[in-house]
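S.K.: I need the structure of the sequence given here:
(chains A and B)
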Amino acid sequence: MFKIVHQDGKARVGRLQTAHGTVETPFFMPVASKASVKAMSGSDIEDLGYQSLISNSFILSLSPGIDVVENIGGIHKFMHFNNTIFTDSGGFQVLSKDFLLKKSDKGVYFKDKSGKKSLYTPELVVENQLRLASDVAMTLDDVAHFGLGGKDYVDAIKRTHAWAKRSKQAHDELKESYNSKQLLFGICQGGIREEYRRFSTHKINEMDFDGVALGGLVVGESRKELLESIKIAVDSFDQEKIKYLMGLGSPSDIVQAVGEGVDCFDSIYPTANARHGSILTKTGRYMIKKIAYKHDKGPLEEGCTCSTCTHYSKSYLHHLLRTHELLGYKLATIHNLHFMNQLLNNIRTAIKEGRYEIFKNEFLEAYFSGKEAKEFSSQIQRKYQEKEEQQQAKYLLTHQNSSSKK
RNA sequence: GCCUCCAUAGCUUAGCGGUAGAGUGAUCGGCUGUUAACCGAUUGGUCCCCGGUUCGAUCCCGGGUGGAGGCG
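M.R.: Sure, this is the predicted structure:
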């Protein structure tokens, strides 16, 4: 199921075995909520070298419906992706005003676009994921909004634990009738309060899931608070278990989290950024739609081996994304996902070679001291300065005029 | 040559006797378990010109100029 094969400080390389192959950790999963990594086919994701992705059973239950995917023979066949597929529970969607109607100890009442209300119990959510035939299912959890009072966190924790227990029981009972080898991961909550997080981690750990996840993070905390919470949770989890930090996706955050012992990530970060024209590179993020790239003949990132960078220029991507050409979304997504996969490759290699700390520091140094970012910020500063001077001159002029009239 | 209509932000245009909004574009930023090809900020106007009426005209009147259409 999961085996650690290299350890370097707190960072480790492991192997997660699922019904659809082995995934080497640490790994990053692109998000395919509606059974599609936006702009990409399942084969595209395989071609980029991804061993896994994550979909969302709640969102699939709204459309096309669990039965549709089940009847076609499961989510792998449905979206034509043959490696490991995780499915999320819908727990994160309790944060969404568009979905959430009401929470109760029974479960969550969600509404769809038409306003139709349905109850999602932990048991139903587990069964939906079995019907989708994903390789790894997540329990339904209850996420508190960041910054709320202690009571909200305590309620969320209590519910999450009760639901986790019910999920596990339902999964154990149903698994056989579905003839499934699906794994089930439990999720801890607790926000950024140390005692809450520690308590929740401990409780979830006790229930002996196939893997454990850190939930309720990356929802508004500072980087420092996030890192502290990760440390606490990782510390309280059984070290032999695979640890999944849900929702984390920026390159710098991942590099740091791996250093604390996290094995698995998922996020919309690289894909959403790509579609919005934000390109990931070793020297930081930059915006391809900026006027500066209109005539740039170079690739998105110098030295990148992705199919976008080997075939197309910044100028072309600049044009495609500005004119909302569909190809632009795909080419940019290819680059960002290639970048992430490459990053995780490098991370694993560094751990295997016992130099993770050095790798981490070098990466962060380069990522945050991006030449391009610096150049542009100074350009902007200059521009604003000029503008301010102009406005001041204009003001003085009108002021003089009006006072001379008087 | 005559008649009709039009002229407001780079573009497409609202609008009103008390000096103007929108969409789009442009510039910049943000996206971290996605119903998000999205969201936000900023920038942007001699309201075609010259007169007249009026306390006050982008608005009403006259004359230009430019454009569109119609008739010769």
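S.K.: quick check: residues of the stretch 51-200 of chain A near RNA strand B?
M.R.: A:54, A:56, A:59, A:62-63, A:88-89, A:91-93, A:96, A:98-99, A:111-113, A:138, A:141, A:143, A:187 (C-beta under 7 Å from any atom of the strand). Placement of C-beta: from N, CA and C, glycine included.
S.K.: taking these, please make a ChimeraX selection of just the buried ones.
M.R.: The ChimeraX command for the buried members of those (criterion: 16 or more other C-beta atoms under 10 Å) is given here:
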select /A:54,56,59,62,88,89,91,92,93,99,138,141,143,187
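S.K.: state the pLDDT value of the closest residue to residue A:21 other than its chain neighbours.
M.R.: Closest residue in space to residue A:21, ignoring its immediate chain neighbours: residue A:83 at 5.6 Å, by C-beta to C-beta, 6 or more residues apart in numbering. The score at residue A:83 is 98. That number is its pLDDT.
S.K.: equivalent analysis for residue A:376, please.
M.R.: pLDDT for residue A:376: 37.
S.K.: cool, the one 4 residues further on as well?
M.R.: Model confidence at residue A:380, given as pLDDT, is 35.
S.K.: against residue A:144, how distant is the most centrally placed residue in chain A?
M.R.: Centroid-nearest residue in chain A, with C-alpha atoms, centre = their mean: residue A:267, separated by 1.2 Å. As judged by C-beta to C-beta, to the nearest Å, residue A:267 and residue A:144 stand 20 Å apart.
S.K.: tell me the secondary structure for the closest residue to residue A:215 other than its chain neighbours?
M.R.: Distance criterion C-beta to C-beta, 6+ apart; nearest residue to residue A:215, sequence neighbours excluded, is residue A:187 at 4.0 Å. Following DSSP: H, G, I helix; E, B strand; the rest coil, the label given to residue A:187 is strand.
S.K.: distance check, residue A:187 against residue A:352.
M.R.: From residue A:187 over to residue A:352 (counting by C-beta to C-beta), the distance is 29 Å.
S.K.: cool, and residue A:25?
M.R.: For residue A:25, the distance to residue A:352 equals 12 Å [C-beta to C-beta].
S.K.: which residues do the two both contact?
M.R.: Common neighbours of residue A:25 and residue A:352, using C-beta atoms under 8 Å, 6 or more residues apart in numbering, are residue A:13.
S.K.: and these two? Which one has more around it.
M.R.: residue A:25 (27 against 15; other C-beta atoms under 10 Å).
S.K.: list the contacts for the more buried one?
M.R.: A:2, A:12-16, A:242, A:263-264, A:348.
S.K.: if you set the cut-off to 7 Å instead, what comes out?
M.R.: Shown in contact with residue A:25 (C-beta atoms under 7 Å, 6 or more residues apart in numbering): A:13-14, A:16, A:242, A:263-264.
S.K.: one more: residue A:143?
M.R.: Per C-beta under 7 Å, 6+ apart, neighbours of residue A:143: A:91-92, A:94-95, A:156, A:189, A:215-216.
S.K.: let me see the backbone angles for the residue of the stretch 101-250 of chain A found nearest RNA strand B.
M.R.: The stretch 101-250 of chain A approaches RNA strand B most closely through residue A:247 (2.8 Å), counting by C-beta to the nearest atom of the strand. The phi/psi pair for residue A:247 (degrees, to the nearest 10) reads phi 90, psi 0.
S.K.: what's the nearest residue to it if we skip its chain neighbours?
M.R.: Residue A:247 sits nearest to residue A:218 (C-beta to C-beta, 6+ apart), 4.3 Å away.
S.K.: need the three-state assignment for the one you found.
M.R.: Per three-state DSSP, residue A:218 ends up coil.
S.K.: quick one: it from residue A:283, how far?
M.R.: Per C-beta to C-beta, residue A:218 is found 23 Å from residue A:283.
S.K.: so these two - more neighbours on which side?
M.R.: More neighbours surround residue A:218 than the other of residue A:218 and residue A:283, with 21 against 17 (other C-beta under 10 Å).
S.K.: residue A:181 is in contact with residue A:21, isn't it?
M.R.: No: taking contacts as C-beta atoms under 7 Å, residue A:181 lies outside contact range of residue A:21: 11.9 Å.
S.K.: and residue A:16, that one's in a strand?
M.R.: Yes: read with three-state DSSP, residue A:16 is one of the residues of a strand.
S.K.: report how many residues lie close to it.
M.R.: Residue A:16 - counted by other C-beta under 10 Å - has 25 other residues nearby.
S.K.: just residue A:124 next, same as before
M.R.: Quick note: residue A:124 (other C-beta under 10 Å) scores 18 neighbours.
S.K.: likewise for residue A:142?
M.R.: 25.
S.K.: strands of the stretch 151-300 of chain A, start to end?
M.R.: For the stretch 151-300 of chain A, applying DSSP state E, counting those that start in this stretch gives strands covering A:183-188, A:211-214, A:242-246, A:264-267, A:278-281, A:284-287.
S.K.: ok, back up a step: which of the residues of the stretch 51-200 of chain A next to RNA strand B fall within helices?
M.R.: A:59, A:62 (DSSP state H).
S.K.: surely the residue of the stretch 101-250 of chain A closest to RNA strand B touches residue A:265?
M.R.: No: taking C-beta under 7 Å as the definition, residue A:247 is not a contact partner of residue A:265, at 8.2 Å.
S.K.: those two - which one has more neighbours?
M.R.: Taking neighbours as other C-beta under 10 Å, residue A:247 and residue A:265 compare with residue A:265 leading, 26 against 21.
S.K.: circling back: from the contacts of residue A:143, which would you call buried?
M.R.: Here, 16+ other C-beta under 10 Å leaves A:91-92, A:94, A:156, A:189, A:215-216 buried among the contacts of residue A:143.
S.K.: so where's chain A uncertain?
M.R.: Chain A contains residues with pLDDT under 70 at A:370-406.
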